[in-house]
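**Q** One predicted model, sequence on top.
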Amino acid sequence: MRLTRRRFLTLSGAGGLAAALPLDAAPAFGQSGPVRVGVLAAKAGVTAPVGESGLRGVQFATDRINAAGGILGRKVELIVEEESSPKDTVERFRKLALSDKVDVVSGAISTGVGLALGPAAEEMKTIWLAWDATTQKGVEETMPKPKYSFRSTDNECEAVMASIITARQWKGKFKTVAGINPDYSYGRDNWAAFLAIMKKYGMEIQVVSELWPKLGATDFTSHVATLVQAKPDLIFSCFWAGDTPIFLKQAHAAGLTKSTKLVLTTGGGVHESLKKDFTPEGAILGYNCFYFENPKASALAKEFTRWHSEKFKEWPNYESDHGYFTIVAYKAAVERAAKAAGGKWPAQDAIIQALEGVEAESLSGPRRYREDHIMEAAFFQGLTTHKNRHDFVTIDPVESMTTKQIQKPSGVGLYDWINGWKV
Amino acid sequence: MIVRALGVLAAAALLLVPVAGIPYTTTLLLPAFGYAIALLGLNLLFGSTGLLSFGHALFVALGGYTAAALTSRAGVRSLEVLLLAAAVTAALVAVPVGLLCVRYVKIYFGMLTLAFGMLFYSFLYKFYTLTGGDEGMRVLRPVLLGQPLQHLDKVAFLTGPFYYYALGVLVLAAIAMRRLVRSPFGLALRAIRENAAKAESLGVSVRRYRLAAFVVAAVFGAVGGVLLVVPTGLADPLLAYWTHSGNLVFMLLLGGFDHFLGPVLGAVVFILLQDAVMSLTPYWRFVFGAILAIVVIFFPRGLMGLLDARRAPAA
Amino acid sequence: MLFLVAAGLQLVFGVQKILNLACGSFYALGAYAGVSAVRWALGAGLPAPLFLPVLLGAGLALAAIGPVIERLLRPIYDRDESFQLLLTFALVLMFEDVIRFFWGTAPHQLGNVYLAFGQLRIGALTVPTYNLVVIAAGAGIAAGMGWFLARTRFGRIVRATAENREMAEAMGVDMTRVYTRVFTLGVALGTVGGALVIPATAAVNEMGIDLIVEAFAVVVIGGLGSMRGAFAGALIVGVVKAVAIATWPEVEMLAIYVIVIAVLVLRPAGLFARATA
């Protein structure tokens, strides 16, 4: 980790990195100066591990691109700033856009920040490729027709996929349901989506408990006690941070995990902390858009996983793939636009046009940006198993669904879309 | 003399920054103006009245959300109306909160204000249908003095008309505060700070004066808050978090609470310093903590205290 | 566990009249250190149930930074209390990054090792015995503190100093030593508290900052300067939270602040305050 930090410091250091020194076997870089990519990564608080993960994906992409000659012969240079509160992050964005004059900004995870950066990107006419933070509010209300902002996949995708699997796997096998979700927009949106889909599938369920702990809480004794009293057949949770293993641990200690079905839509983000000790088998676990041990993984994914585990002594999670994709998508768009411009570095408008509908190979397979600037990707979920060589759970079989199945198409409201399904 | 000269120099610099053509620095200073106004209020509370509030961010956030609610929910765009509404809202909230808080002094006051600040934060976070929750509430671009200035994009707007407008509000606020501090009201406050019992015995209603100071500080805080959120375009609950209040106090101390212009200096220096340090190291919090510690231990009177060594130290 | 942190706060404030915002940071330090220590010990082959002494040891060991920090705070003892608040706030900022530097940003936890003590059935609930151990420890420390302050010589010195510093000094008490020890004790309460909770939860980024507000709430409710108050305050906060979660989960976040304000309005010195607060 310290290694990484130093690296970023050297990369972002002077900003006056002139034509880079040739690397070992790399070709000499183009004369028109480096491509400057601003990165907004969370460094503190509950989103910090996710921010770090995204940054690693960006770093991996950048290293590979530079080793292969950069983008149109220009080296990619990263300028990393911190994502913190919306106000401060907008200010860092402004610095990247106005002072560092970056060509593109990659980053942002938290919903509040995402909501603030959209208009900021439009105002400063800087292309922004988000890693996460896509709420319906941001898409529908504030930025119906963005030009410079490219968002990630919808926040509800995981809940949608998990709900579909739940309906298929356990139809008729559960009656009472409890929800324990972090108390903010993400938690609320996912719980609502789950309930809507259960209704759509005609599942007759009864909600016996709805708990709303603070995001990142570290003690669930009272919550677990309440759940034990409520005796739900199924517990739905979209925890994605350090709260996930703590909740499971305390639930297990109270005997809750033995008899109750679990749906953990996003727990895969912290999969390494979900130890076999307290995480049961047979739970639905979601890994967002990257699963580290996918039997169908591409060579690229395997290379990345190996690189990550050797360098950081831990397995990668989905945010790395989001980060990775933003960089390769940008490269692909630039190259696509350059073809039309006769091989020269294209104008920003051309790049934006090329980004719409661009397809690039991410760590988990092909991804693209839709014409309405929303990302399309594959999601991975499955039932947990203890049959592996780690001390934490994995999923088997690995099920994959694309956003074509689990993300609402452009121009349709989420609930209208769900209601229109044919089940 | 040095102070005067530096002051003139600084004022000139501030006036010329937008013209110098560095858009980033210009936008960087905008929150400094907002903070400076909020700090003028905090200074009244701490410097003059001796009450250190660790919840001042409450009023800054209140101002921000008032602006947000009015622009994005009620369609009100006039900045003058926003500022006025923020001031009124702050006063309305400050009265009951102040009544509770000014009963106590020192540590209790600090703790109670911290609690209220966090209460407001929780309120903003929880009541999401009203406030937008963690996603916050949008702040749409306001209209300055009746000029919509549609032809300017946001950056040009911020680095041009809005910059001078904010600076103007700051100057007005500073003048108002100066008058206040020098008035009998201000004198009474200082008397209370020195020796509350004595002041009481001389017929000064200690509690009422403290409440008044609290309300005035709140108003200044909210006005600053409005100017703070316009560049961001969003008001979010973190504006009310206790560490934000802590930063406000930090700025005040850095600038020097003893001197009238301390707040302004503190805000500007803090913002510029934060920008520089944040780009240098991810461990900028440590650096800032160290700076604060050094200031508290060695330079409690802040930068103004350093510059103005001739002034007699306050008790 | 809120009690331990609050107790530390109380102790330091009672004697030295400093309100330590960094007590949350000490708690966090104890937590992280505890995780590292136990992980290392278990990795080195220590039998599971013995993790508890390791944990306590880590917590106590970390209290060694107490004297160092105390030296740092010394220059401002005589100044306005606001400066003390500010200096400890500076410490909070610095500790956050120190912790991040050594332990990174990801949460650290200890798996299921705390179940090594087994579980108990109480009615319909299954409770890990460890949780009861922690509660017992809390109560034990509370009782211990009480006894310590009332019976031992040092305890009496501490109380005397709290009552009237000048007098105590006049009677020949070495203020510097007393302050250092008291502060270290306060720090120890924090670090041990952090270490003890860790097996059941996890050490996460910014846990110090989040804890501070709750610790303050406890201290305010219980009353500044009273050990019993800290205990009662922690109990009340815990109960209120549990009740809120079980009955009206939506207000979980707000409940605690409303109580704080209610207490401050009705019984400003807290529920158990001493006469000279």
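**A** Okay, I see it. These figures come from a predicted structure and were not determined experimentally.
**Q** got the contact list for the residue of chain B positioned farthest from its centre?
**A** Note on chain B: the largest C-alpha distance from the chain mean falls to B:Ser201, namely 33.0 Å (Cα atoms, centre = their mean). Residues near B:Ser201 by Cβ atoms under 8 Å, 6 or more residues apart in numbering or on different chains: none. For glycine as for every other residue, the C-beta is placed from the backbone atoms N, C-alpha and C.
**Q** Strands along chain B, start to end?
**A** Remark: strands assigned in chain B by DSSP state E are B:137-138, B:234-235.
**Q** Could you say which of the ones you listed is packed most deeply?
**A** Comparing the strands of chain B by mean neighbour count (mean count of other Cβ atoms under 10 Å in any protein chain shown), strand B:234-235 ranks first with a mean of 32.
**Q** strands paired with that strand, and their directions?
**A** Next to strand B:234-235 in the sheet, as set by DSSP bridges, lie strand B:137-138 (antiparallel).
**Q** what does the partner strand contact?
**A** With Cβ under 8 Å, 6+ apart, strand B:137-138 has contacts from A:115, A:119, A:142, B:65, B:68-69, B:71-73, B:131, B:233-236.
**Q** pLDDT and distance to B:Leu112 added to these, as TSV?
**A** Putting the contacts of strand B:137-138 into TSV (pLDDT from 0 to 100; distance: Cβ to Cβ, whole Å) gives the following:
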residue	pLDDT	distance to B:Leu112
A:Leu115	89	32
A:Pro119	90	37
A:Thr142	67	37
B:Tyr65	96	22
B:Ala68	94	27
B:Ala69	94	26
B:Thr71	92	32
B:Ser72	88	32
B:Arg73	88	31
B:Thr131	88	23
B:Gly233	89	33
B:Leu234	91	29
B:Ala235	93	24
B:Asp236	91	24
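**Q** Please produce CSV containing those residues, extended by distance to B:Leu114.
**A** Output for the contacts of strand B:137-138, formatted as CSV (distance: Cβ to Cβ, whole Å):
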residue, distance to B:Leu114
A:Leu115, 27
A:Pro119, 32
A:Thr142, 32
B:Tyr65, 19
B:Ala68, 24
B:Ala69, 25
B:Thr71, 29
B:Ser72, 29
B:Arg73, 29
B:Thr131, 20
B:Gly233, 28
B:Leu234, 24
B:Ala235, 21
B:Asp236, 19
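**Q** Now, of these, which are buried?
**A** By neighbour count, with 16 or more other Cβ atoms under 10 Å in any protein chain shown, the contacts of strand B:137-138 hold A:115, A:119, A:142, B:65, B:68-69, B:71-72, B:131, B:233-236 as buried.
**Q** what's the most distant pair in those residues?
**A** Farthest-apart pair in these is A:Pro119 and B:Thr131; separation 18.5 Å (Cβ to Cβ).
**Q** now the helices: where do they sit in the stretch 251-400 of chain A?
**A** Remark: helices assigned in the stretch 251-400 of chain A by DSSP state H, counting those that start in this stretch are A:256-259, A:299-312, A:318-340, A:348-355.
**Q** just so I have it, where are all the strands in chain C?
**A** Counting by DSSP E, chain C has strands at residues C:119-122, C:125-128.
**Q** just the stretch 51-200 of chain A next, same as before
**A** Along the stretch 51-200 of chain A, the segments classed as strands by DSSP state E, counting those that start in this stretch run A:76-83, A:104-107, A:127-129, A:149-150, A:176-180.
**Q** and the angle from the first one to helix A:318-340?
**A** The one in question is strand A:76-83. Calculated by axes from the mean of the first three to the mean of the last three Cα atoms, to 10 degrees, strand A:76-83 forms an angle of 140 degrees with helix A:318-340.
**Q** chain center to strand A:76-83, what's the gap?
**A** On the basis of Cα atoms, centre = their mean, to the nearest Å, strand A:76-83 sits 18 Å off its chain's mean C-alpha point.
**Q** That strand close to chain C?
**A** No - shown here: strand A:76-83 not in contact with chain C (Cβ under 8 Å from any Cβ of the partner chain), separated by at least 11.7 Å.
**Q** Direction included, what does that strand pair against?
**A** Next to strand A:76-83 in the sheet, as set by DSSP bridges, lie strand A:35-42 (parallel).
**Q** Keeping just the C-alphas, turn the strand it pairs with into PDB.
**A** The C-alpha trace of strand A:35-42 is given here as PDB (Å, rounded to 0.1, in the frame of the first residue of the first chain):
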ATOM      1  CA  VAL A  35      -2.700  12.500 -21.600                       C
ATOM      2  CA  ARG A  36      -3.700  13.800 -18.200                       C
ATOM      3  CA  VAL A  37      -6.300  11.800 -16.300                       C
ATOM      4  CA  GLY A  38      -7.700  13.200 -13.100                       C
ATOM      5  CA  VAL A  39      -8.700  10.600 -10.600                       C
ATOM      6  CA  LEU A  40     -11.100  11.200  -7.600                       C
ATOM      7  CA  ALA A  41     -10.600   8.400  -5.100                       C
ATOM      8  CA  ALA A  42     -12.000   8.200  -1.600                       C
END
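**Q** quick one, what contacts A:Trp315?
**A** Here A:Trp315 is in contact with A:His271, A:Glu272, A:Phe292, A:Thr305, A:His308, A:Ser309 (Cβ under 8 Å, 6+ apart).
**Q** Could you give the number of residues near residue 45?
**A** Answering for chain A, as no chain was given. A:Gly45 has 22 neighbours, counted by other Cβ atoms under 10 Å in any protein chain shown.
**Q** Wait, chain C was what I had in mind.
**A** C:Gly45, neighbours per other Cβ under 10 Å, totals 6.
**Q** any idea how far C:Arg156 is from chain B?
**A** Using Cβ to the nearest Cβ, to the nearest Å, we find C:Arg156 at a distance of 25 Å from chain B.
**Q** how much space between that residue and C:Met171?
**A** With distances taken as Cβ to Cβ, to the nearest Å, C:Arg156 is found 11 Å from C:Met171.
**Q** wait, A:Ser410 sits on A:Tyr369?
**A** No - counting by Cβ atoms under 8 Å, A:Ser410 stays clear of A:Tyr369, with 11.5 Å between them.
**Q** what residues are up against the nearest residue to B:Gly266 once chain neighbours are set aside?
**A** Nearest non-adjacent residue to B:Gly266, counting by Cβ to Cβ, 6 or more residues apart in numbering or on different chains: B:Gly255, 2.3 Å away. B:Gly255 makes contacts with B:39, B:261-267, B:269-270, B:302-304, as judged by Cβ under 8 Å, 6+ apart.
**Q** Scan those residues and report the most crowded one.
**A** B:Pro263 (36 neighbours).
**Q** give me the low-pLDDT residue ranges for chain B?
**A** Within chain B, the stretches with pLDDT under 70 are B:1, B:105, B:204, B:308-315.
**Q** try 50 this time
**A** Residues of chain B meeting the criterion pLDDT under 50: B:312-315.
**Q** how close does whichever residue of it sits closest to chain C get to chain A?
**A** Nearest residue of chain B to chain C, counting by Cβ to the nearest Cβ: B:Gly289, 3.2 Å away. Here B:Gly289 is placed at a distance of 13 Å from chain A (Cβ to the nearest Cβ).
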